[in-house]
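Undergrad: Quick one: sequence plus predicted model below, questions after.
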Amino acid sequence: MTRTAPLIEHVDHGQLPCLRVTLGDAELVVARQGAHVMSYRRGVSAAPLIWLSPEEDGVKGRPIRGGAPICWPWFGALARNPADVQATYTGAEPPQHGLVRGVEWQLDAIDETESAIELTFEAPSDLPNWPHLVNLQLRVRLDDALHLDLTTTNKGDTALPLSQALHTYFRIGDIHQAHIEGLDGTGYLNTLESWEQKLPQAGAVHFTAETDRVYLGVPDLLAIADPVLERRITLETRGSTSAVVWNPWIDKAARTPQFPDDGWQEMLCIETANVLEDRIVLAPGKAHTVGVTLRSTTLD
Ligand SMILES: O=P(O)(O)OC[C@H]1O[C@H](O)[C@H](O)[C@@H](O)[C@@H]1O
(Lines give C-alpha, C1' and ligand atoms only; values in the text may rest on other atoms or scores of the structure.)
Protein backbone atom coordinates (compact mmCIF):
# COMPACT_ATOMS: atom_id res chain seq x y z
CA MET A 1 0.00 0.00 0.00
CA THR A 2 1.35 3.46 -0.86
CA ARG A 3 1.91 5.60 2.18
CA THR A 4 -0.02 8.87 2.02
CA ALA A 5 0.40 10.29 5.54
CA PRO A 6 3.41 12.61 5.86
CA LEU A 7 6.81 11.16 6.72
CA ILE A 8 9.56 13.32 8.21
CA GLU A 9 13.21 12.32 8.18
CA HIS A 10 16.34 14.07 9.39
CA VAL A 11 18.96 14.17 6.65
CA ASP A 12 22.17 16.13 6.08
CA HIS A 13 23.14 18.06 2.97
CA GLY A 14 26.89 18.36 3.45
CA GLN A 15 27.24 20.13 6.82
CA LEU A 16 23.61 21.30 6.86
CA PRO A 17 20.98 19.51 8.94
CA CYS A 18 17.75 19.28 6.95
CA LEU A 19 14.25 17.85 7.22
CA ARG A 20 12.97 15.72 4.39
CA VAL A 21 9.19 15.56 4.17
CA THR A 22 7.40 13.03 1.99
CA LEU A 23 3.67 13.26 1.37
CA GLY A 24 2.12 11.09 -1.33
CA ASP A 25 4.31 11.62 -4.38
CA ALA A 26 5.67 14.97 -3.12
CA GLU A 27 9.10 15.39 -1.56
CA LEU A 28 10.38 18.51 0.12
CA VAL A 29 13.75 19.17 1.78
CA VAL A 30 14.21 22.14 4.12
CA ALA A 31 17.53 23.14 5.73
CA ARG A 32 17.44 24.56 9.24
CA GLN A 33 20.00 27.11 8.10
CA GLY A 34 17.95 29.98 6.75
CA ALA A 35 14.74 27.86 6.99
CA HIS A 36 15.78 27.30 3.43
CA VAL A 37 13.66 25.14 1.12
CA MET A 38 16.36 23.21 -0.75
CA SER A 39 14.26 21.14 -3.10
CA TYR A 40 10.70 20.28 -3.94
CA ARG A 41 9.39 17.75 -6.40
CA ARG A 42 6.11 16.02 -7.16
CA GLY A 43 6.28 12.64 -8.81
CA VAL A 44 9.35 10.42 -8.68
CA SER A 45 10.22 10.84 -12.33
CA ALA A 46 9.26 14.54 -12.67
CA ALA A 47 11.88 17.29 -12.67
CA PRO A 48 11.94 19.21 -9.37
CA LEU A 49 9.97 22.48 -9.36
CA ILE A 50 12.74 24.17 -7.42
CA TRP A 51 16.31 24.32 -8.71
CA LEU A 52 19.19 23.55 -6.38
CA SER A 53 22.66 24.08 -7.79
CA PRO A 54 24.47 20.79 -8.36
CA GLU A 55 27.53 22.59 -6.95
CA GLU A 56 25.80 23.31 -3.64
CA ASP A 57 27.64 21.09 -1.18
CA GLY A 58 26.23 22.56 2.03
CA VAL A 59 28.88 24.53 3.90
CA LYS A 60 27.67 25.81 7.28
CA GLY A 61 27.19 29.59 7.39
CA ARG A 62 27.57 30.07 3.64
CA PRO A 63 24.49 31.14 1.61
CA ILE A 64 22.89 28.17 -0.16
CA ARG A 65 22.85 28.42 -3.98
CA GLY A 66 19.37 27.63 -5.23
CA GLY A 67 16.22 26.57 -3.42
CA ALA A 68 14.25 29.37 -1.79
CA PRO A 69 16.55 31.74 0.16
CA ILE A 70 14.87 34.19 2.51
CA CYS A 71 16.14 37.73 2.02
CA TRP A 72 15.30 39.75 5.15
CA PRO A 73 15.30 42.46 6.65
CA TRP A 74 16.52 43.81 3.35
CA PHE A 75 16.75 42.57 -0.18
CA GLY A 76 19.90 42.80 -2.33
CA ALA A 77 22.52 45.43 -1.60
CA LEU A 78 21.45 47.50 1.42
CA ALA A 79 22.68 50.65 -0.37
CA ARG A 80 20.01 50.11 -3.06
CA ASN A 81 17.25 50.15 -0.44
CA PRO A 82 15.14 53.13 0.66
CA ALA A 83 16.94 55.33 3.22
CA ASP A 84 14.71 54.25 6.11
CA VAL A 85 15.54 50.58 5.48
CA GLN A 86 19.25 51.41 5.28
CA ALA A 87 19.04 53.21 8.63
CA THR A 88 17.89 50.05 10.45
CA TYR A 89 21.40 48.55 10.15
CA THR A 90 24.23 49.88 12.30
CA GLY A 91 27.17 47.80 11.00
CA ALA A 92 29.85 48.70 8.46
CA GLU A 93 29.52 45.89 5.92
CA PRO A 94 25.91 44.89 5.33
CA PRO A 95 25.67 41.44 3.77
CA GLN A 96 23.79 41.05 0.49
CA HIS A 97 20.16 39.91 1.05
CA GLY A 98 20.05 40.64 4.77
CA LEU A 99 20.86 38.71 7.89
CA VAL A 100 18.97 35.43 8.08
CA ARG A 101 20.01 33.20 5.21
CA GLY A 102 23.26 32.02 6.82
CA VAL A 103 21.95 31.42 10.34
CA GLU A 104 20.23 28.46 11.98
CA TRP A 105 16.48 28.87 12.53
CA GLN A 106 14.61 26.99 15.23
CA LEU A 107 11.96 24.46 14.28
CA ASP A 108 9.03 25.61 16.40
CA ALA A 109 6.20 23.31 15.40
CA ILE A 110 5.21 20.44 13.15
CA ASP A 111 1.49 20.18 12.46
CA GLU A 112 0.30 17.28 10.42
CA THR A 113 -2.85 15.61 9.20
CA GLU A 114 -3.34 12.75 6.74
CA SER A 115 -3.17 15.15 3.79
CA ALA A 116 -1.02 18.08 4.89
CA ILE A 117 2.04 18.97 6.91
CA GLU A 118 3.19 22.34 8.13
CA LEU A 119 6.62 23.19 9.55
CA THR A 120 7.03 26.46 11.44
CA PHE A 121 10.51 27.92 11.79
CA GLU A 122 11.57 30.91 13.86
CA ALA A 123 14.62 33.05 13.12
CA PRO A 124 17.06 33.97 15.92
CA SER A 125 16.17 37.29 17.55
CA ASP A 126 19.71 38.58 18.18
CA LEU A 127 20.92 39.64 14.75
CA PRO A 128 24.28 41.47 14.58
CA ASN A 129 24.11 45.26 14.11
CA TRP A 130 20.37 45.21 13.80
CA PRO A 131 18.92 46.44 17.11
CA HIS A 132 15.18 45.84 16.61
CA LEU A 133 12.69 43.66 18.45
CA VAL A 134 10.86 41.39 16.07
CA ASN A 135 9.53 37.92 15.68
CA LEU A 136 10.18 36.31 12.28
CA GLN A 137 8.49 33.06 11.34
CA LEU A 138 8.37 30.98 8.20
CA ARG A 139 5.54 28.52 7.70
CA VAL A 140 6.24 25.82 5.11
CA ARG A 141 3.06 23.93 4.28
CA LEU A 142 2.89 20.94 1.98
CA ASP A 143 -0.46 19.61 0.77
CA ASP A 144 -1.46 19.38 -2.87
CA ALA A 145 0.77 22.46 -3.33
CA LEU A 146 3.69 24.10 -1.51
CA HIS A 147 2.90 27.23 0.52
CA LEU A 148 5.58 29.50 2.01
CA ASP A 149 4.52 32.28 4.38
CA LEU A 150 6.97 34.62 6.08
CA THR A 151 5.54 36.67 8.93
CA THR A 152 7.29 39.57 10.64
CA THR A 153 5.83 40.92 13.87
CA ASN A 154 7.13 44.20 15.25
CA LYS A 155 7.63 43.71 18.99
CA GLY A 156 9.34 47.06 19.46
CA ASP A 157 7.87 50.48 20.15
CA THR A 158 8.91 52.27 16.96
CA ALA A 159 7.90 51.73 13.33
CA LEU A 160 10.14 49.27 11.48
CA PRO A 161 10.90 49.61 7.74
CA LEU A 162 12.08 46.50 5.91
CA SER A 163 12.41 44.95 2.47
CA GLN A 164 12.32 41.23 1.82
CA ALA A 165 11.98 38.45 -0.72
CA LEU A 166 11.24 34.76 -1.03
CA HIS A 167 14.04 34.32 -3.56
CA THR A 168 12.76 31.18 -5.28
CA TYR A 169 14.91 29.47 -7.92
CA PHE A 170 12.78 27.47 -10.37
CA ARG A 171 13.90 24.51 -12.44
CA ILE A 172 13.06 24.93 -16.12
CA GLY A 173 13.84 22.87 -19.23
CA ASP A 174 15.52 25.61 -21.30
CA ILE A 175 15.79 29.33 -20.58
CA HIS A 176 15.54 30.11 -24.30
CA GLN A 177 12.08 28.54 -24.46
CA ALA A 178 10.50 29.23 -21.06
CA HIS A 179 8.65 32.48 -20.42
CA ILE A 180 6.86 34.26 -17.59
CA GLU A 181 3.16 35.05 -17.83
CA GLY A 182 1.24 37.65 -15.80
CA LEU A 183 3.57 40.66 -15.99
CA ASP A 184 2.22 42.17 -19.22
CA GLY A 185 1.59 45.87 -18.63
CA THR A 186 3.47 46.16 -15.34
CA GLY A 187 6.47 48.46 -14.95
CA TYR A 188 9.98 47.34 -14.11
CA LEU A 189 13.38 48.71 -13.25
CA ASN A 190 16.27 47.19 -15.13
CA THR A 191 18.86 46.94 -12.37
CA LEU A 192 21.61 46.24 -14.92
CA GLU A 193 21.14 49.75 -16.31
CA SER A 194 19.15 52.44 -14.57
CA TRP A 195 17.36 51.99 -11.27
CA GLU A 196 15.52 55.23 -12.00
CA GLN A 197 13.43 54.78 -15.08
CA LYS A 198 10.44 52.46 -15.00
CA LEU A 199 10.01 50.53 -18.26
CA PRO A 200 6.74 48.92 -19.35
CA GLN A 201 6.61 45.15 -19.81
CA ALA A 202 4.97 44.26 -23.12
CA GLY A 203 3.68 40.69 -23.30
CA ALA A 204 5.35 37.70 -21.67
CA VAL A 205 8.89 37.88 -20.26
CA HIS A 206 11.32 36.01 -22.53
CA PHE A 207 15.02 35.60 -21.81
CA THR A 208 17.74 36.43 -24.33
CA ALA A 209 20.48 37.85 -22.07
CA GLU A 210 21.36 38.47 -18.41
CA THR A 211 18.17 39.65 -16.72
CA ASP A 212 17.85 41.33 -13.32
CA ARG A 213 14.67 43.34 -12.95
CA VAL A 214 12.42 44.67 -10.21
CA TYR A 215 8.76 44.57 -11.28
CA LEU A 216 6.39 46.87 -9.40
CA GLY A 217 2.59 46.75 -9.20
CA VAL A 218 2.68 42.99 -9.75
CA PRO A 219 -0.59 41.00 -9.71
CA ASP A 220 -1.00 38.04 -7.39
CA LEU A 221 -0.87 35.32 -10.04
CA LEU A 222 2.23 34.67 -12.15
CA ALA A 223 3.29 31.60 -14.09
CA ILE A 224 6.28 30.05 -15.80
CA ALA A 225 5.32 28.35 -19.05
CA ASP A 226 7.86 25.66 -19.85
CA PRO A 227 7.38 23.88 -23.20
CA VAL A 228 10.39 21.59 -22.67
CA LEU A 229 9.23 20.15 -19.34
CA GLU A 230 5.64 20.53 -20.63
CA ARG A 231 4.43 22.22 -17.50
CA ARG A 232 3.28 25.51 -16.08
CA ILE A 233 4.43 26.49 -12.60
CA THR A 234 2.04 28.97 -11.02
CA LEU A 235 2.86 31.39 -8.22
CA GLU A 236 -0.05 32.75 -6.18
CA THR A 237 1.30 35.47 -3.94
CA ARG A 238 0.13 37.19 -0.76
CA GLY A 239 1.26 40.46 0.81
CA SER A 240 3.50 41.41 -2.10
CA THR A 241 3.20 43.69 -5.13
CA SER A 242 6.82 43.52 -6.28
CA ALA A 243 8.83 40.73 -7.86
CA VAL A 244 12.44 40.31 -8.87
CA VAL A 245 13.15 38.35 -12.05
CA TRP A 246 16.69 37.04 -12.42
CA ASN A 247 18.76 34.92 -14.72
CA PRO A 248 22.54 35.41 -14.61
CA TRP A 249 23.21 34.19 -18.18
CA ILE A 250 26.76 33.22 -19.18
CA ASP A 251 29.20 35.71 -17.63
CA LYS A 252 27.48 36.22 -14.28
CA ALA A 253 26.93 32.46 -13.89
CA ALA A 254 30.69 32.01 -14.34
CA ARG A 255 31.45 34.50 -11.54
CA THR A 256 28.64 33.46 -9.17
CA PRO A 257 29.74 31.09 -6.38
CA GLN A 258 28.43 27.50 -6.39
CA PHE A 259 26.91 28.06 -9.82
CA PRO A 260 27.81 25.69 -12.68
CA ASP A 261 28.91 27.40 -15.89
CA ASP A 262 25.90 26.06 -17.80
CA GLY A 263 23.44 26.17 -14.86
CA TRP A 264 21.78 29.38 -16.13
CA GLN A 265 20.13 27.40 -18.93
CA GLU A 266 17.91 25.42 -16.57
CA MET A 267 16.87 27.92 -13.90
CA LEU A 268 15.20 31.23 -13.41
CA CYS A 269 14.26 33.17 -10.30
CA ILE A 270 10.95 34.85 -9.62
CA GLU A 271 11.28 36.39 -6.19
CA THR A 272 8.09 37.25 -4.34
CA ALA A 273 9.13 40.51 -2.77
CA ASN A 274 8.46 43.70 -0.85
CA VAL A 275 11.09 46.03 -2.32
CA LEU A 276 11.54 49.73 -3.16
CA GLU A 277 8.11 51.45 -3.10
CA ASP A 278 6.58 48.13 -1.96
CA ARG A 279 8.75 47.92 1.17
CA ILE A 280 6.98 47.37 4.46
CA VAL A 281 6.79 49.84 7.34
CA LEU A 282 5.47 47.91 10.34
CA ALA A 283 3.87 49.88 13.13
CA PRO A 284 4.57 48.68 16.70
CA GLY A 285 2.63 45.49 17.46
CA LYS A 286 1.71 44.91 13.81
CA ALA A 287 2.49 41.88 11.67
CA HIS A 288 2.95 41.42 7.94
CA THR A 289 2.95 38.17 5.96
CA VAL A 290 4.43 37.72 2.52
CA GLY A 291 3.65 34.39 0.94
CA VAL A 292 3.58 32.29 -2.18
CA THR A 293 1.82 29.09 -3.23
CA LEU A 294 3.51 26.99 -5.91
CA ARG A 295 1.73 24.51 -8.16
CA SER A 296 2.61 22.69 -11.32
CA THR A 297 0.13 21.80 -14.05
CA THR A 298 0.48 20.26 -17.47
CA LEU A 299 1.09 22.84 -20.19
CA ASP A 300 -1.94 22.97 -22.46
O1 LIG B 1 24.58 35.70 -5.14
P2 LIG B 1 23.40 36.05 -4.26
O3 LIG B 1 23.78 36.98 -3.13
O4 LIG B 1 22.68 34.84 -3.77
O5 LIG B 1 22.39 36.85 -5.19
C6 LIG B 1 21.85 36.28 -6.34
C7 LIG B 1 20.97 37.29 -7.09
O8 LIG B 1 19.90 37.65 -6.25
C9 LIG B 1 18.92 38.55 -6.84
O10 LIG B 1 18.22 37.91 -7.83
C11 LIG B 1 19.56 39.81 -7.37
O12 LIG B 1 18.62 40.58 -8.08
C13 LIG B 1 20.76 39.47 -8.24
O14 LIG B 1 21.42 40.67 -8.60
C15 LIG B 1 21.72 38.55 -7.50
O16 LIG B 1 22.82 38.24 -8.31
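TA: Sure, I can see it.
Undergrad: mind listing what Ala159 touches?
TA: The contact partners of Ala159, by C-beta atoms under 8 Å, 6 or more residues apart in numbering, come to Val281, Leu282, Ala283, Pro284. Quick note: C-beta positions are derived from backbone N, CA and C, even for glycine.
Undergrad: show me what contacts the third one?
TA: If a contact means C-beta under 8 Å, 6+ apart, then Ala283 has Asn154, Ala159 as its contacts.
Undergrad: ditto for Lys198
TA: Applying C-beta under 8 Å, 6+ apart to Lys198 gives the contacts Gly187, Tyr188, Leu189, Leu216.
Undergrad: Can you get me a residue count around Asp126?
TA: Asp126: 7 surrounding residues under other C-beta atoms under 10 Å.
Undergrad: Is it possible to mark the buried ones in the contacts of Lys198?
TA: Tyr188, Leu189, Leu216 (16 or more other C-beta atoms under 10 Å).
Undergrad: thinking Ile8 is in contact with Asp111, fair?
TA: No: the criterion here is C-beta atoms under 8 Å, and Ile8 misses it with Asp111 at 11.6 Å.
Undergrad: Tell me the spacing between Asp84 and Arg101.
TA: In this structure, Asp84 and Arg101 are 22 Å apart, going by C-beta to C-beta, to the nearest Å.
Undergrad: before we move on, what about His176?
TA: Using C-beta to C-beta, His176 is found at 30 Å from Arg101.
Undergrad: Is stretch 168-184 positioned near the ligand?
TA: No: using C-beta under 6 Å from any ligand atom, stretch 168-184 never reaches the ligand; the gap is at least 9.1 Å.
Undergrad: one step back: His176 and Arg101: who's more crowded?
TA: A count of neighbours by other C-beta under 10 Å puts Arg101 above the other of His176 and Arg101, at 20 against 12.
Undergrad: Report the contact partners of the residue nearest to the more buried one when sequence neighbours are not counted.
TA: Leaving aside its sequence neighbours, Arg101 sits nearest to Gly34 (C-beta to C-beta, 6 or more residues apart in numbering; 4.2 Å). Contact analysis of Gly34 by C-beta under 8 Å, 6+ apart lists Pro63, Ile64, Pro69, Ile70, Val100, Arg101, Gly102, Val103, Trp105.
Undergrad: again, only this time at 7 Å
TA: By C-beta atoms under 7 Å, 6 or more residues apart in numbering, the contact list for Gly34 reads Ile64, Pro69, Ile70, Val100, Arg101, Gly102, Val103, Trp105.
Undergrad: just checking, what packs against the helix or strand where Ser39 lies?
TA: In the assignment (DSSP states H and E), Ser39 maps to strand 36-42. Here strand 36-42 touches strand 26-31, going by 3 or more C-beta pairs under 7 Å, 6 or more residues apart in numbering; DSSP states H and E.
Undergrad: Tell me which strands the strand it packs on pairs with, and in which orientation.
TA: If you go by DSSP bridges, strand 26-31 pairs up with strand 16-23 (antiparallel), strand 36-42 (antiparallel).
Undergrad: Ok, which of those strands comes nearest Gly182?
TA: Minimum separation from Gly182 across those (C-beta to C-beta) falls at strand 36-42, 20.6 Å.
Undergrad: what does that closest one contact?
TA: Strand 36-42 is contacted from outside by 13, 18, 25-31, 48-50, 52, 64, 67-69, 101, 140, 146, 148, 296, using C-beta under 7 Å, 6+ apart.
Undergrad: who in the stretch 101-250 of the chain is up against the ligand?
TA: Contact residues (C-beta under 6 Å from any ligand atom) of the stretch 101-250 of the chain with the ligand: Asp212, Val244, Trp246.
Undergrad: In the stretch 151-300 of the chain, which residue sits nearest the ligand?
TA: Taking C-beta to the nearest ligand atom, the ligand has its nearest neighbour within the stretch 151-300 of the chain at Trp246, 3.5 Å off.
Undergrad: Next, give phi and psi for Gln265.
TA: Torsion angles at Gln265 (phi, psi; degrees, to the nearest 10) stand at phi -70, psi -20.
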